[in-house]
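A.B. asks: Let's see this in three dimensions:
(one chain, ligands or ions: 1)
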Amino acid sequence: MPDFSAAPVLVRRARPADAADFVRMMGRPEVYGNLMQLPMPSEEMWRKRLEGQAEPHAVDMHLVAELGGRVVGSAGLHPAPQLRRRHVAMLGISVEPAAQGQGVGSALMQALCSYADGWAQILRIELTVFTDNNRAIRLYERSGFRHEGTHRAYALRDGVFADVHAMARLHPRPPLAAWPAEPAP
Ligand SMILES: CC(C)(COP(=O)(O)OP(=O)(O)OC[C@H]1O[C@@H](n2cnc3c(N)ncnc32)[C@H](O)[C@@H]1OP(=O)(O)O)[C@@H](O)C(=O)NCCC(=O)NCCS
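C.D. replies: This is a model prediction of the structure:
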């Protein structure tokens, strides 16, 4: 594994050609086990998902992070489907094991939160995280997420029903419209 210690993190939008990198990252048990993904990810499925975000009016946002020219992490925002929850998006994030602990997750989180806050009309970002995933929980707390509760036996993980925390971040400065005053009739 190359030494990335001095390399800056580049964050950019994911493209369909990154599908093989998603499969490499998501194929690691310590990564898919902590997400809601499954073993043996499909490159075809990832290519289709990444192609989908190029459709006109697509609302999902997938980012990748590169270190030294290699894709080492990804993060996505997926708007809630209900009309009354148009201010809500779900967040997912992962960094390949060899690149963890070097600021890649923080860089991806910062990029997604500023996109959500400044451009996407997202006022609430929500997620679930396994209760023993301390590194992810610390990253979310540092990024302004708060604990909202615990779901018991939420998902099967390697043969065991595991608990998750629900966490969410509300927009720190919800935008206000500065309309010009209407002239009196
Ligand atoms: C959770 C996850 C995304 C964090 O990514 P990461 O790249 O390791 O995160 P960071 O490097 O930004 O932060 C992790 C630690 O490295 C430290 N760090 C080291 N160098 C750093 C740098 N240059 N800049 C910022 N932080 C740095 C941070 O302080 C942080 O310390 P802490 O965990 O003790 O608080 C990653 O561990 C992961 O993908 N895990 C598997 C999948 C997963 O659990 N996803 C979340 C599901 S809810």
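A.B. asks: Let me know the average pLDDT across the lengthiest helix in the chain.
C.D. replies: The longest helix of the chain (DSSP state H) is helix 104-118. Averaging the model's pLDDT scores along helix 104-118 yields 97.
A.B. asks: do the same with stretch 78-92
C.D. replies: 97.
A.B. asks: Give the buried residues for that stretch.
C.D. replies: 79, 87-92 (16 or more other CB atoms under 10 Å). Yep, even glycine has a C-beta here, placed from its N, CA and C like the rest.
A.B. asks: close enough to count as contact, residue 99 and residue 71?
C.D. replies: No: taking contacts as CB atoms under 8 Å, residue 99 lies outside contact range of residue 71: 9.7 Å.
A.B. asks: Which one of these two is surrounded by more residues?
C.D. replies: residue 99 (24 against 21; other CB atoms under 10 Å).
A.B. asks: Make sure residue 128 is indeed in a strand.
C.D. replies: Yes: counting by DSSP: H, G, I helix; E, B strand; the rest coil, residue 128 falls inside a strand.
A.B. asks: quick one, what contacts it?
C.D. replies: For residue 128, the contact set (CB atoms under 8 Å, 6 or more residues apart in numbering) comprises 36, 151, 154, 164-167.
A.B. asks: Can you flag the buried ones in those residues?
C.D. replies: 154, 164-167.
A.B. asks: Now intersect these with the strands, please.
C.D. replies: Counted as lying in strands by DSSP state E, out of the buried ones among the contacts of residue 128, are 154, 164-167.
A.B. asks: mind putting these in CSV, distance to residue 178 and pLDDT included?
C.D. replies: Below are those laid out as CSV (distance: CB to CB, whole Å; pLDDT from 0 to 100):
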residue, distance to residue 178, pLDDT
154, 42, 98
164, 40, 98
165, 37, 98
166, 34, 98
167, 32, 98
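A.B. asks: For the ligand, tell me which of those residues show up nearby.
C.D. replies: When CB under 6 Å from any ligand atom is applied, no member of those is adjacent to the ligand.
A.B. asks: Just grab the bridge partners of the closest residue to residue 108 other than its chain neighbours for me.
C.D. replies: Spatial nearest neighbour of residue 108, chain neighbours left out: residue 75 (4.0 Å); criterion: CB to CB, 6 or more residues apart in numbering. When bridges are called by DSSP bridges, residue 75 pairs up with residue 63, residue 93.
A.B. asks: what does the model give residue 75 for pLDDT?
C.D. replies: On the pLDDT scale, residue 75 gets 98.
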